[in-house]
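Student: how would this look folded up:
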Amino acid sequence: MIDPRADVHPSAEIDPSATVGPFSVIGPNVRIGADTWVGPHVVIQGPTEIGRENRIYQFASVGEAPQDRSYRGEPTRLVIGDRNLIRESATLSRGTEKGRGETVIGHDNMIMAYVHIAHDCVIGNHITFANAASLAGHVEVQDHCTLGGFTLVHQFCRVGTHAFTSMGAALNRDMPPYCLASGNYARLIGINKVGLRRKGFSEDSINALYRTFVEVLRGRGDRKARMEALLAETEIPEVRILLEFIQASQRGVLRAGRD
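Tutor: The predicted model follows:
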């Protein structure tokens with residue numbers, strides 16, 4: 001299943017059911033799992049581990065050295081899970097020694113053309129990165145997020161589960177779960193109601209999230225006291241996730257704008 005025109009290093013481990021297309025380069029210390037398809041003109045450098053049933057399209061650069069001035073050739077790595085779609089010209093970097101030492105990408109993600117995932121990022125599952133969305137180093141993106149085209153995320157930011165950004169959003173702070181954000185710099189504009197309904201969330205949960213958004217993120221006064229009071233009384237898991245994410249933020253969360 002390896003095209004004879006591909007350049008595969010002898011130390012690369014490729015499952016017999018995987019496919020490598022013509023003119024692709026597979027470097028040393030690369031492992032490719034079962035039924036993964038690597039198209040033509042792809043470059044994969046190691047140490048990189050790629051799981052099962054991924055599809056990697058032409059001109060993608062996977063596992064290349066991090067774009068970090070401190071990097072001096074340390075054997076950091078990239079770990080990719082299963083069933084990810086990595087489209088044309090996407091760039092996925094390895095980690096750095098001063099960071100986690102690895103970049104981690106989970107399962108069932110759609111990574112569209114020209115997306116950049118920098119060193120030491122941690123990516124969850126079922127995430128959509130639209131064209132040219134870019135993550136700086138040390139970013140965490142939690143499950144079921146959608147990052148619109150040309151979204152930019154600053155170093156060390158977190159994006160909470162089920163969050164949604166509009167085209168061209170620039171995130172310089174943490175983005176709370178279940179929220180919508182837009183603009184440069186981005187502002188929170190509400191709860192991701194459409195996305196949550198599509199995922200099967202109840203109207204009670206969505207309405208409770210919206211009330212929490214208004215009270216905590218748009219309200220004035222002592223935010224900490226408001227969050228503690230809501231945590232003490234709420235029985236809705238999604239509200240607790242939202243509030244605990246805000247409490248744990250090190251960079252602060254995006255400011256709320258208008259609906």
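
Student: Any regions of this protein where pLDDT drops low?
Tutor: 258-259 (pLDDT under 70).

Student: Domains in it, by residue range?
Tutor: 7-138, 196-248 (automatic domain parsing).

Student: Distance to residue 160 and mean neighbour count added to the ones you listed, as a markdown table?
Tutor: Where C-beta positions appear, they are placed from N, C-alpha and C, glycine not excepted. Shown next, in a markdown table, are the domains of the chain (distance: least, Cβ to Cβ, whole Å; neighbours: other Cβ atoms under 10 Å):
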| stretch | distance to residue 160 | mean neighbour count |
| --- | --- | --- |
| domain 7-138 | 10 | 20 |
| domain 196-248 | 5 | 15 |
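
Student: can you redo these as CSV with distance to residue 162?
Tutor: Below are the domains of the chain laid out as CSV (distance: least, Cβ to Cβ, whole Å):
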stretch, distance to residue 162
domain 7-138, 10
domain 196-248, 6
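
Student: partners of residue 171 in the sheet?
Tutor: On the basis of DSSP bridges, residue 171 is bridged to residue 153.

Student: same question, the one 4 residues further on
Tutor: In this structure, residue 175 has beta-bridge partners residue 159, where bridges are defined by DSSP bridges.

Student: Hmm, residue 252 and it touching each other?
Tutor: No. The criterion here is Cβ atoms under 8 Å, and residue 175 misses it with residue 252 at 11.0 Å.

Student: Neighbour count for the two, which is higher?
Tutor: Ranked by neighbour count (other Cβ atoms under 10 Å), residue 175 and residue 252 place residue 175 first, with 27 against 10.

Student: and of the domains of the chain, who's closest to residue 171?
Tutor: Smallest distance to residue 171 across these (Cβ to Cβ): 9.5 Å, for domain 7-138.

Student: how long is that closest one from one end to the other?
Tutor: 31 Å (Cα to Cα, to the nearest Å).

Student: Equivalent analysis for stretch 146-160, please.
Tutor: OK, stretch 146-160 end separation, Cα to Cα: 10 Å.

Student: Tell me the buried residues in it?
Tutor: With burial defined by 16 or more other Cβ atoms under 10 Å, the residues of stretch 146-160 counted as buried are 146-160.

Student: Show me which of the residues you listed is closest to residue 22.
Tutor: residue 149 (29.9 Å).

Student: and the closest one, which of the three is it?
Tutor: For residue 149, the secondary-structure state derived from DSSP: H, G, I helix; E, B strand; the rest coil is coil.

Student: Quick check, it in contact with residue 134.
Tutor: No. With contacts defined as Cβ under 8 Å, residue 149 does not count as touching residue 134, sitting 10.5 Å away.

Student: just the strands in the stretch 151-259 of the chain please.
Tutor: Ranges of strands in the stretch 151-259 of the chain, per DSSP state E, counting those that start in this stretch, are 152-153, 158-159, 164-165, 170-171, 179-182, 187-191.

Student: What is the fifth one packed up against?
Tutor: Meaning strand 179-182. If you count contacts as 3 or more Cβ pairs under 8 Å, 6 or more residues apart in numbering; DSSP states H and E, strand 179-182 packs onto strand 164-165, strand 187-191.

Student: Pick the most deeply packed of these.
Tutor: strand 164-165 (a mean of 28; mean count of other Cβ atoms under 10 Å).

Student: That one pairs with which strands, and in what direction?
Tutor: Counting by DSSP bridges, strand 164-165 is paired with strand 146-147 (parallel), strand 179-182 (parallel).

Student: possible to save those as a markdown table with distance to residue 65?
Tutor: Shown next, in a markdown table, are these (distance: least, Cβ to Cβ, whole Å):
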| stretch | distance to residue 65 |
| --- | --- |
| strand 146-147 | 24 |
| strand 179-182 | 31 |
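
Student: isn't residue 181 right up against residue 171?
Tutor: Yes. In terms of Cβ under 8 Å, residue 181 counts as a neighbour of residue 171; the distance is 6.7 Å.

Student: Pull the contacting residues for residue 150.
Tutor: Applying Cβ atoms under 8 Å, 6 or more residues apart in numbering to residue 150 gives the contacts 130, 131, 132, 133, 134, 167, 168.
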